[in-house]
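*Asks:* what shape does this take:
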Amino acid sequence: MPTRQRLGPGPDHPITVTPTGRRVVVRVGGTVVADTRAALTLQESTYPAVQYVPLVDVDPAALRGSGTRTWCPYKGEASYRSLVVGGAELTDAVWTYEEPSPAVAPIAGHVAFYPDRVDVAVEG
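*Replies:* Numbers count the residues shown, from 1 in each chain. Sure, this is the predicted structure:
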């Protein structure tokens, strides 16, 4: 297996992880699948900010494992889960870094959701 490139944040690719400090609610249609006041905001370079929700604040009945994995040289290996709500399955709509790179270590134990597949609302 080839060696995976690992990169750290820097001036040309900054990454910050900060407490969101507000309530984050994730919905599929009208169904709440996650609700937390402990989310983290990950801002990576010029990409849109991503909300990382503690896994303990996600409805476990809505999650289904997936074998999909991807690699990010800045964050590490991501694994995916699908959301199952109301009989519909949103394949690979959720991702997590179980062992993230040191620069983003706080996101361990958190998941993120594709905002084009669910409604991620930062309230208050």
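*Asks:* enumerate every residue touching Leu83.
*Replies:* Taking Cβ atoms under 8 Å, 6 or more residues apart in numbering, we find Leu83 in contact with 28, 33, 62-64, 89-90, 93-94, 113, 117-118. Every C-beta, even on glycine, is put in place using the N, C-alpha and C of the backbone.
*Asks:* go again with 7 Å.
*Replies:* By Cβ atoms under 7 Å, 6 or more residues apart in numbering, the contact list for Leu83 reads 28, 33, 62-63, 90, 93-94.
*Asks:* count residues in the vicinity of Leu40, would you?
*Replies:* Neighbour count for Leu40, taken as other Cβ atoms under 10 Å: 22.
*Asks:* right, and the pair among the contacts of Leu83 with maximum separation?
*Replies:* Farthest apart among the contacts of Leu83 by Cβ to Cβ are Val28 and Leu63. That separation is 11.6 Å.
*Asks:* higher neighbour count, these two?
*Replies:* The residue with more neighbours, out of Val28 and Leu63, is Val28; 21 against 18, by other Cβ under 10 Å.
*Asks:* what's the spacing between the nearest residue to that one once chain neighbours are set aside and Arg117?
*Replies:* The shortest distance from Val28 to any non-neighbouring residue, by Cβ to Cβ, 6 or more residues apart in numbering, is to Val85 (4.2 Å). Plainly put, Val85 is 11 Å away from Arg117 if you go by Cβ to Cβ, to the nearest Å.
*Asks:* looking at those two, which has the bigger crowd around it?
*Replies:* Set side by side, Val85 and Arg117 show more neighbours around Val85, with 19 against 14, by other Cβ under 10 Å.
*Asks:* if that one is in a bridge, with which residues?
*Replies:* With DSSP bridges applied, Val85 shows beta-bridge pairing to Ala88.
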